[in-house]
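Colleague: Have a look; sequence and predicted model below, questions after that.
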Amino acid sequence: MREVLQLRRTDARVVPWKNGRGTTSELAIWPQGASLERGDYEWRLSAARVESAGPFSAFPGCERVLTVTAGAGLVLAHGGDARRVKLRRLEPYRFSGDWTTTAELVAGPIVDFNVILRPESARANVQALPLGARRLRESLLAPHVFVHVLAGELVARVTGEEEPCRLAAGASLWARGLLGGEELECDGRSADTELLIVSLWPADEGQ
């Protein structure tokens with residue numbers, strides 16, 4: 001069934017990291033009723049503040065897409081699994097949850113947005129957009145589309161919805177059960193408006 005949900009910052013579920021070094025704000029998880037603790041999810045979206053260098057939690061069998069949304073950036077080391085990489089703001093980075101990963105802060109704490117998915121069940125695409133006071137119209141091709149406002153204010157509307165959603169920084173719009181052919185209209189209401197758009201498909205549908 002198609003639904004368009006408007007989520008406030010306070011709707012997020014705060015959960016501890018698997019390694020106990022911090023907490024995460026869980027923004028969305030699928031399917032309904034799934035949980036990180038049971039490990040029965042296909043995908044999960046969350047945001048976290050990283051205040052010190054240290055190891056990342058392991059997510060065996062999962063794929064991750066990490067985007068630094070605030071702060072000077074992050075350097076990730078993957079041991080012998082892959083080269084070191086510097087993550088700059090609003091540059092999504094995809095890596096394996098099987099890799100041994102350690103983070104270094106470039107210059108102070110950062111905030112990140114994290115997509116964790118099981119590649120045998122789901123695929124994801126993450127766009128980071130410094131929209132500003134402009135308008136965006138985008139075709140929605142995935143069954144799930146999640147819009148998260150990082151800064152500023154946004155008015156968003158999905159085709160078929162009578163009323164648009166006004167979203168402040170930290171708020172989200174989750175459109176699920178989409179059939180294809182719908183469009184997303186976004187209207188940035190301030191010069192500093194930034195957002196993430198996450199599109200999610202079942203693995204057998206591709207992108």
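Modeller: Arrived safely. Numbering: from 1, shown residues only.
Colleague: what sits against W30?
Modeller: Residues near W30 by CB atoms under 8 Å, 6 or more residues apart in numbering: Y41, E42, W43, R44, A122, H144, R176, L200. In this view, the C-beta of every residue, glycine as well, is placed from N, C-alpha and C.
Colleague: Filter those down to the ones in strands?
Modeller: Among these, DSSP state E puts W43, R44, A122, H144, R176, L200 in strands.
Colleague: So what sits opposite I197 in the bridge?
Modeller: Applying DSSP bridges to I197 gives these bridge partners: Q127, V147.
Colleague: Against F59, how distant is it?
Modeller: 23 Å (CB to CB, to the nearest Å).
Colleague: Let me know whether T101 touches V85 as I believe.
Modeller: No: using CB atoms under 8 Å, T101 makes no contact with V85, being 10.2 Å away.
Colleague: Show me the common contact partners of the two, please.
Modeller: L76.
Colleague: Comparing the two, which shows the higher neighbour count?
Modeller: Counted by other CB atoms under 10 Å, T101 and V85 do not tie: T101 has more neighbours, with 21 against 13.
Colleague: Counting neighbours, what do you get for G180?
Modeller: By other CB under 10 Å, the residues close to G180 number 9.
Colleague: what sits against it?
Modeller: Residues counted as contacts of G180 (CB under 8 Å, 6+ apart) are L140, L141.
Colleague: can you pull the pLDDT of it?
Modeller: pLDDT for G180: 84.
Colleague: Turn the contacts of W30 into CSV, including pLDDT, distance to G132 and neighbour count.
Modeller: Converted to CSV, the contacts of W30 look like this (pLDDT from 0 to 100; distance: CB to CB, whole Å; neighbours: other CB atoms under 10 Å):
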residue, pLDDT, distance to G132, neighbour count
Y41, 97, 34, 20
E42, 98, 34, 18
W43, 98, 29, 24
R44, 97, 29, 21
A122, 97, 31, 23
H144, 97, 26, 22
R176, 96, 28, 18
L200, 98, 26, 23
